[in-house]
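>>> Sequence and computational prediction follow.
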Amino acid sequence: MFSQNNFITFFYLKIYFTILTIVAIFIILLKINNIFKYLTTNSTNWTSGNKKIVSFIQERQLKINNYDDIVLEWIPYNQFNEIKETGKNEFITVYSAIWKDGPLYKENSLSNYTRDSNKEVSLKCLHNSQESIDSLIDEV
């Protein structure tokens, strides 16, 4: 049988877990809103020139649900400095470069997106690739 103290404890625990659930839902909605707001206000009219690639990038952006998820974005060639060839064979040429703006990241789930500027990256150029866009997207 429940005593009055047990009932009160149970009642407070129920309130506590209800509040925790509401806070968790709020944080998830805040993250989704933060990502959507950043991508819509900071994404100018970029395009790769290929509808499949644009669609793939947009789909990946909409699937972000954690602050440490990688934000996939189109990077125009003029964002790269110090491009140097580092390797080459008959199928591919690899370059190192400095990405001026750098990737988007967040310190924690409640912070805003910022960029890690002047980040060293690798670029790959496929020669006479017979692969379709679909197989390249699958690799990404």
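Cool, the structure landed. Numbers count the residues shown, from 1 in each chain.
>>> what about the protein, any weak spots by pLDDT?
Filtered on pLDDT under 70, the chain yields the residue ranges 1-5, 7-8, 27-48, 109, 128-137, 139-140.
>>> can you do 80?
Residue ranges of the chain with pLDDT under 80: 1-13, 16-17, 23-54, 58, 61-70, 91, 106-113, 126-140.
>>> just the strands in it please.
Counting by DSSP state E, the chain has strands at residues 80-88, 92-99, 104-105, 114-115, 119-126.
>>> who wins for proximity to N66 among those strands?
With Cβ to Cβ as the criterion, N66 lies closest to strand 104-105 of the strands of the chain, at 12.1 Å. Where C-beta positions appear, they are placed from N, C-alpha and C, glycine not excepted.
>>> ok, residues contacting the closest one?
Residues from elsewhere that reach strand 104-105, judged by Cβ atoms under 8 Å, 6 or more residues apart in numbering: Y38, D68, V71, E73, Y113, T114, R115, D116.
>>> nearest spatial neighbour of D68, skipping sequence neighbours?
Spatial nearest neighbour of D68, chain neighbours left out: K106 (7.1 Å); criterion: Cβ to Cβ, 6 or more residues apart in numbering.
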